[in-house]
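**Student:** the following comprises the amino acid sequence and a computationally predicted model.
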Amino acid sequence: MRRTRSAAALAAVVLALTAACSPGEPAASGAGQPVSGGSLTWAVETEPITFNPHQYAQAKARLLVWNTFEALLTHDDKGGHLPWLATGYETSPDGRTYTFKLRTDVSFTDGTRFDAAAVKANVDQFAVEGYNPTVAAVQLRNLDRVEVIDPATVAFHLERPDVLLLDFLSSPQGAQVSPKSLKEAKNLKAGGPELAGTGPFVLDRYTAGQEVHFTRNPAYQWAPANAGHTGPAYLDEITYRFLKEPSVRVGALTSGQVQVIEGVPATDEALITGNDRLTFARGLNSGSAYSYYFNTAHAPFDDIRVRRAFREAVDVDAVLQGVYRGSATRAWSVIGPTSPFYDKSLEKTYGGDAAEANRLLDEAGWTTRDADGFRTKDGKRLTVRLVQSAPFVRDRRDVLAQAVQAAVKQSAGIDLNVALVDQGAATQALADGAYEVFDNSRADTDAGAALNLLLHSAGAINRTGVKDPELDRLLEEGQASTDQAARNGTYQRVQRLTVTDQALILPLYAPADQVAAAATVGGLGFEPTAGVPGSAYHLWLGK
Amino acid sequence: MIGAVARRAGSGLVVLWAAATAAYLALLAAPGDVVDSIIGDGADSPQIRAQIIAEWHLDRPAVVQYLDYLWRAAQGDLGRSYLLQRPVRDVIGDQLAPTVRLAVAAAVFGVVLALILAVVTRGRWARRVSSTAELVLVSTPPFLIGIVLLSVFSFRFGMFPVSGDRGWAALVLPAVTLGLPIAGVLTQVLRDGLDRALDEPFAVTARARGLTERSVLVRHGLRHSLLPAVSLLGWLFGALIGGSVIIEQVFGRPGLGQVTLQAVSGSDMPVVLAVVVLAAAAFVVVNTAADLAYLIIDPRLRRS
Amino acid sequence: MTVAMPRLTARRFALRPPRPPIAAATVVLGLALTAVAWPSLFAADPLAADPLHVLEAPSAAHWFGTDQLGRDVFDRVVHGARHSLSIGVAATVIAVGAGILLGLLAGLTHRAADEVLSRGFDALAAFPLVLLALLFIAIAGTGTVSLIVAIGIATLPHHARVVRAQTLVVRQAPYVTHAVAFGASRTRLVLRHVLPNVLGPIPVLAMIGLGEAVLIAAGLSFLGLGPQPPSPEWGAMLSEGRGYLHIAWWASVLPGCAVTATVISLTVIGRHLQNRFEGRHQ
């Protein structure tokens, strides 16, 4: 395979470079000008199930990843890519080779140099059996091999064109871990202090169930152009405490035990916005909306009428109002409203019609009712099971599930059975097909990556059980094309097909992150495109 | 005296052996495959299964398995948690300190409060008020006490941290929550003991010697009322251990209680077994200590 | 919870509650029993959610306010009585039933068997109740039935010990030794003489034991090991409402008060009966 210079791709990178000035836009605060030094405590909702970026699976853990690890590319605020550990890339005309020029001044915090061999070691690690089969089978599906051309140049050879490679190389899973750690770490998959990265902080202490502590990396000099500043981070150290209970996080902030919290429940927002010593900001996440996916593999959701009935039985606006006090943005499509692919024409086309729900269920044969008021057919109750995995429950999604449960019971006599279990039990239930509803949202920066996982017949989390050649073809088309307009059209057809035509999905809300902080904290903001809270690199403590 | 100690230690070992055996039998009696029970909700792969079979000697006769389990437990090897992918000893070792801190603080608070209440509330009305309070305390679920304290002192007045285990301030509310019901029980026992002691001939003699009522109470009465209280040490220990499971959950504190709860809901049997055996061991130590304390407090028992 | 009265001392150091509390306790218990038998007499559907009226403070419309899903907390507390109390009663029945069997067995059989059983009771009785229940749940899995059996097993040794002690007393009693001398059969002896005399203190013990069982059940449900949402179980309600404590105390504190009132009533009446019972026998 010969590398061919592509002037267009080079131009795109230069353009992106100049377009992006300061996407990590700091929220207005009383912290004044940035100052160096100090230590900060931040209470987060989710304790990561792993600190190895390659194993990353929780959007809520993303803000921790970028403290210690960095990727070849990062995002601007319009969904495009910016150089980070790479200085630029070129695409061959056939779209099957991506050649990256790397920075030569970067080293991992364990002293190892960052170079083309390190990049290859990271990508090759996914080929190790059982390391992360999902990424190997999905994000790296089209990868043929990685070639080290010289220490500052690395080429990715693909079997077929795949524009999502760039998204992978700017995602946490594409982050660069020291090759030495990859070889020597005893608990590689769990990550932690023994994994070295190139980031502005070093993870030096982790107490399970309690907190994780980072110290500044004094040698750090390679922030991306849109970081807002250069050189080492402002803060000397930062501690993230894991406080699962929302009320506990808010209490910890208002009583001054922590300076920043994320995941502010809607019921507590007024408490924060009404206090002028605190600041509050919200960012909508990228990727897929938080939705219920119907398992069409068996009854009752193999019948489209029952799927439609379930959607009509929920007045999503009322439910969101009750649980989130009007602070949640309703989702109408499987794709979140901030994505360029979002199909606005789906809005207000379905849902919230109890009479229609009952009509559909009658038509589908669920005509009788049992003593508890639930619909039955042939003596079997209309029960559907939702299994929630505790480490992935955020934003009071367990309470939301109970609200939906009450709604479908009251308006249509559907028995939604909600079980909140730990990860192992949830994985087991999903593997056994012992569920009818699957709940998920993904904060992928390119929504196409999320849809590949969720809707493609070979997708790792295709929980609808749908195998539709047309859908697969559209998804593959969206993945191969570099033309943004063509991708928009393709993904709109995907949305129409899955949301309207087949009613596979009940979209609920667009996931958002809320950050509240003491007014003395400066530099708080959200990661461009992803919309999740940014890393600690931008933060400072005002006097 | 030495004979008494040796006898106690011997029966302690028997209790310990019984607890370890019962826990082991419980594991075998659990429905389903033993390997499944040991894995719980942890990662499952043929390698891990092979490792479990090797580690627990499941391919050998039952007697060998059992003896080997006892032998390893005696050496402090408590197996491996397949849910957490770590040796059980590490899992428990990491979380022991916060629970011990909580238990000690709660015990000290409860005992001191009980002593003060028993001595101070001698009058008719004080006694009535105090015993009503005790009744309420022993009947209230400890998590309700914790939630009310949190609500008032953390959320309303911001005096103490809402959760966690950072510094002494974070220990105050959990220790009070755990200590209050203990004080409720101990006060009743101590007061009853005092009432009896003050009716005894020696109290009458002491008064006749011209000692004030208060010094009779403190010097003689208290000593006597301690006897029944000491017999409650084992109960106290159980209350602390059992209570800490709930208190740690209410206050979001790390500790053995959280480990146990996670292990129970994730069916992490090696950790559950270890906690049971560990609690039994601690229980034996405490009860032996209580018996020895008995001998020290009551000289009459030494002679027999 | 384990922090109920230590078992032996509950007998030895029983308080003598004055009359007014007994009357109050009887009323509370009466209310609780009515709620168990006929919850719809007082309360509407405990599962009816109203997303437009969540976390509202107590008012004329909602006496105990509403919870995070807009459900009426009062309705839930009333319906919760059935869940919480029936778990307690079922567990106590298991504990008492098995306790009588094992206690008789220990008291009537060979000395070696008695020794083994009694040692077992002693060890179990001294072991933290919550840990015993947790061990059982770890093996049998979570769920209401498993919760009931767990509490039953954990509280069983206490009853077994009392029955055994009582059996030994009865066995030494002159009328029994006479019956033996006159050649009464073993079964007949147990049924006619030992059992009736042994059972005397059981109702009183069961009453106090019930309070303890209700407390442990609420504690384990609070930990998420009992009935699952949306069941209106008191401990589970408290646990769910905890996240809203700072803005809606009623959703967690009021169900907690229901537990407390019930347990206090059971304890007061139990001790009262105990005093009368012991008075009669002294």
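**Tutor:** Yep, that arrived.
**Student:** A:N275 - nearest residue in space that isn't next to it in sequence?
**Tutor:** Sequence neighbours aside, A:T254 is the residue nearest to A:N275 in space, at 7.1 Å (criterion: C-beta to C-beta, 6 or more residues apart in numbering or on different chains). C-beta here means a position set from N, CA and C on the backbone, and glycine is covered the same way.
**Student:** I figured the one you found hits A:G274, correct?
**Tutor:** No. Contact status for A:T254 versus A:G274: not in contact, 10.8 Å apart, counting by C-beta atoms under 8 Å.
**Student:** which residues of the chain score low on pLDDT?
**Tutor:** Since you didn't name a chain, this refers to chain A. In the predicted model, chain A carries pLDDT under 70 at residues A:1-30.
**Student:** wrong chain, I was asking about chain B
**Tutor:** Per-residue confidence for chain B (pLDDT under 70) gives these ranges: B:1, B:4, B:30-33, B:37, B:40-45, B:83, B:85, B:298-304.
**Student:** now the helix ranked longest in chain A, how far from the centre of its chain.
**Tutor:** With DSSP state H applied, the helix covering the greatest number of residues in chain A is identified as helix A:397-412. In terms of C-alpha atoms, centre = their mean, to the nearest Å, the gap separating the centre of helix A:397-412 from the centre of its chain is 25 Å.
**Student:** for whichever residue of the stretch 201-350 of chain A sits closest to chain C, which non-adjacent residue is spatially closest?
**Tutor:** At 2.7 Å from chain C, A:G322 is the closest residue in the stretch 201-350 of chain A, using C-beta to the nearest C-beta. Counting by C-beta to C-beta, 6+ apart, the nearest residue to A:G322 once its immediate chain neighbours are dropped is C:P51, at 2.7 Å.
**Student:** hang on, that neighbour packs against A:V323?
**Tutor:** Yes. Taking contacts as C-beta under 8 Å, C:P51 lies within contact range of A:V323: 7.2 Å.
**Student:** still on that earlier bit, quick one: is the longest helix of chain A near chain B?
**Tutor:** No. Applying C-beta under 8 Å from any C-beta of the partner chain, one finds that helix A:397-412 is not in contact with chain B, the shortest distance being 14.7 Å.
**Student:** okay, the next helix or strand along the chain from that helix in CSV with CA atoms only?
**Tutor:** Scanning forward in sequence from helix A:397-412 by DSSP states H and E, the next helix or strand is strand A:415-421. In CSV, the C-alpha atoms belonging to strand A:415-421 read as follows (Å, rounded to 0.1, in the frame of the first residue of the first chain):
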residue,chain,number,x,y,z
ASP,A,415,-46.6,-4.5,33.9
LEU,A,416,-43.1,-3.0,33.6
ASN,A,417,-40.9,-5.0,36.0
VAL,A,418,-37.8,-3.0,37.0
ALA,A,419,-34.8,-4.7,38.6
LEU,A,420,-31.8,-2.8,39.8
VAL,A,421,-28.9,-5.3,39.9
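**Student:** if we can go back for a sec, buried stuff in the longest helix of chain A?
**Tutor:** Buried residues in helix A:397-412, counting neighbours by 16 or more other C-beta atoms under 10 Å in any protein chain shown, are found at A:397-412.
**Student:** just stretch A:214-231 next, same as before
**Tutor:** Within stretch A:214-231, judged by 16+ other C-beta under 10 Å, the buried ones are A:F214, A:T215, A:R216, A:N217, A:Y220, A:W222, A:A223, A:P224, A:A225, A:N226, A:A227, A:G228.
**Student:** contact partners for B:V284?
**Tutor:** The contact partners of B:V284, by C-beta atoms under 8 Å, 6 or more residues apart in numbering or on different chains, come to B:G12, B:L13, B:V15, B:L16.
**Student:** and those residues, which are buried?
**Tutor:** For those, a burial check counting by 16+ other C-beta under 10 Å picks out B:G12, B:V15, B:L16.
**Student:** and chain A, which residues reach chain B?
**Tutor:** The interface of chain A toward chain B, taken as C-beta under 8 Å from any C-beta, is made up of A:130, A:187, A:190, A:207-210, A:241, A:243-245, A:247-248, A:251-252, A:254-255, A:257, A:422-425, A:428.
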